[in-house]
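> Any chance you could fold what I've pasted below:
(one chain, ligands or ions: 1)
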Amino acid sequence: DDMDVDTIWQDGEFVDWDDAQVHVLTHGLHYGTGVFEGVRCYDTEKGPAIFRWDEHLERFYQSGKPYNMEIPFSREELTEATLELIRRQDLESCYIRPIAFYGYDSLGVSPRDCPVDVAIAAWPWGAYLGEEALEKGVDVMVSSWRKHSSSQIPTNAKTTGLYVNSLLAGEEARRNGYVEAIVLNKEGQVAEGPGENIFLVRDGEIYTPGLSQSILDGITRQTAITLARELGYTVHDDATISRGELNTADELFFSGTAAEVTPIRKVDNVVIGDGSRGPVTAELQQAFFDLVERRTDDHEEWFTYVE
Ligand SMILES: Cc1[nH+]cc(COP(=O)(O)O)c(CN[C@@H](CCC(=O)O)C(=O)O)c1O
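Numbering: from 1, shown residues only. Sure thing, here's the model as predicted:
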């Protein structure tokens, strides 16, 4: 691969990238029984810093609970492993992917005696939805696939198997010439993107679907809510957004670790606002990047410095 990364932490050891392998009868490969995180490390004015590591690590452990999956390493071990992984590869801004999954022992849906395997990789990852996306926004479509309900699969656990729903929606959008999808939930209300949360701006107020809408409790979503309120905006963080409200929105944007703050400029070819990044989105996006690149001293507790 063309990335200059060469090391992965696997079950307690640092191994060469090419040697970080699993058996083809690994439980997680057959049944989607893994949990993972997506975390960004930013190259800030004070050196590389992992953004909201504590919250991501906490969600990582919580995600395993519905599957009785206990991560066999402590938070301190995983933190030290991650910092060391970044240092060893001289990474500055990078994307960190911890994963835990039922490993290889025997098949059958029940993981019975399968071990819980853990790996952490890190690599440079740019703008998730494309270089232009952050500035110019993206064209999306409302997917014909609905989000599974949180009563069917816990949507607040970042489970590997869930992402077939994300793939079905996102690939349908891309096959139809769009960059990404918006996914409605079983009730037909707006839930989120395949890999992002979604925000709506109308008459100067900000709305985002609440956790009851079968969404992932995004850490970037929480960050955007906090920053927006600090900027003086009224934020409705438990909103029920109907599909029709997407068309009449003044602004729409995605939030996510990979997506950061990405404006949405068209939905099913209906222009949102004036079809460009909206003023509230721009202000929030600027506040986000000023924060994560440490051009402000706010929220220092959200940063774990690598050095
Ligand atoms: C379904 C979903 N919803 C919301 C979010 C935003 O959550 P947060 O990162 O905590 O703000 C993500 C993150 N998607 C991750 C995986 C992307 C991928 O392609 O893989 C990510 O952004 O890292 C989701 O996968």
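> which residue lies farthest from the center of this structure?
In the chain, the residue that sits farthest from the middle, by C-alpha atoms, centre = their mean, is Ser106; the gap is 31.1 Å.
> got the contact list for that residue?
Each residue near Ser106 by C-beta atoms under 8 Å, 6 or more residues apart in numbering is listed here: 112-114. Placement of C-beta: from N, CA and C, glycine included.
> For the residue in the stretch 1-150 of the chain that the ligand sits nearest to, which non-adjacent residue is closest in space?
In the stretch 1-150 of the chain, the residue that lies nearest the ligand is Gly38 (2.0 Å; C-beta to the nearest ligand atom). Among residues not flanking Gly38 along the chain, Thr257 sits closest, at 4.4 Å (C-beta to C-beta, 6 or more residues apart in numbering).
> Hmm, that neighbour is touching Gln222, no?
No - with contacts counted by C-beta atoms under 8 Å, Thr257 stays clear of Gln222, the gap being 11.6 Å.
> Tell me which of these two has more neighbours.
Counted by other C-beta atoms under 10 Å, Thr257 and Gln222 do not tie: Thr257 has more neighbours, with 22 against 15.
> distance of that one from the ligand?
When distance is defined by C-beta to the nearest ligand atom, to the nearest Å, Thr257 is 3 Å away from the ligand.
> Leaving aside the residues adjacent along the chain, what's closest to Leu89?
Quick fix: residue 89 reads Gln, not Leu. Closest residue to Gln89 apart from its sequence neighbours, by C-beta to C-beta, 6+ apart: Val5 at 5.2 Å.
> That neighbour: how many residues sit nearby?
Burial measure for Val5: 18 neighbouring residues, criterion other C-beta under 10 Å.
> ok, it touching Ala122?
Yes - applying C-beta under 8 Å, one finds Val5 in contact with Ala122, separated by 6.6 Å.
> picking that back up, identify the residues contacting the residue nearest to Gln89.
Counting by C-beta under 8 Å, 6+ apart, Val5 has contacts 17, 89, 91, 121-124.
> any chance of these in TSV, plus secondary structure, neighbour count and pLDDT?
Shown next, in TSV, are the contacts of Val5 (DSSP: H, G, I helix; E, B strand; the rest coil; neighbours: other C-beta atoms under 10 Å; pLDDT from 0 to 100):
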residue	secondary structure	neighbour count	pLDDT
Trp17	helix	14	97
Gln89	coil	19	95
Leu91	coil	21	94
Ala121	strand	18	98
Ala122	strand	24	98
Trp123	strand	16	97
Pro124	coil	14	95
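> In this structure Thr296 contacts Asp290, no?
Yes - between Thr296 and Asp290 a contact is recorded at 5.2 Å, counting by C-beta under 8 Å.
> in the host helix or strand of Cys41, what's buried?
Assigned by DSSP states H and E, Cys41 falls within strand 39-44. Buried residues in strand 39-44, counting neighbours by 16 or more other C-beta atoms under 10 Å, are found at 39-42, 44.
> ok, now stretch 246-256?
Of the residues in stretch 246-256, 246, 249-256 count as buried by neighbour count, 16+ other C-beta under 10 Å.
> from the middle of its chain, how far away would that stretch be?
Distance of stretch 246-256 from its chain centroid, counting by C-alpha atoms, centre = their mean, to the nearest Å, is 17 Å.
> Same question for stretch 283-296.
Distance, centroid of stretch 283-296 to centroid of chain: 18 Å (C-alpha atoms, centre = their mean).
> Ok, stretch 90-102 next?
For stretch 90-102, the distance to the chain centre is 12 Å (C-alpha atoms, centre = their mean).
> Use 24 as the first number for this chain going forward.
Understood, numbering begins at 24; the last thing we discussed is stretch 113-125.
> With the ligand in mind, check whether it reaches it.
No - for stretch 113-125, no contact with the ligand is found by C-beta under 6 Å from any ligand atom; the gap never falls below 7.0 Å.
> With just CA atoms, put that stretch into CSV.
Provided in CSV are the C-alpha atoms of stretch 113-125 (Å, rounded to 0.1, in the frame of the first residue of the first chain):
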residue,chain,number,x,y,z
ASP,A,113,6.1,9.3,13.3
LEU,A,114,2.5,10.0,12.5
GLU,A,115,1.2,13.5,13.1
SER,A,116,-2.4,13.9,11.9
CYS,A,117,-3.8,10.4,11.4
TYR,A,118,-6.9,8.3,11.8
ILE,A,119,-6.9,5.6,14.5
ARG,A,120,-9.0,2.4,14.1
PRO,A,121,-9.3,0.3,17.2
ILE,A,122,-11.3,-2.9,16.7
ALA,A,123,-12.3,-5.8,19.0
PHE,A,124,-13.9,-8.9,17.7
TYR,A,125,-14.8,-12.5,18.5
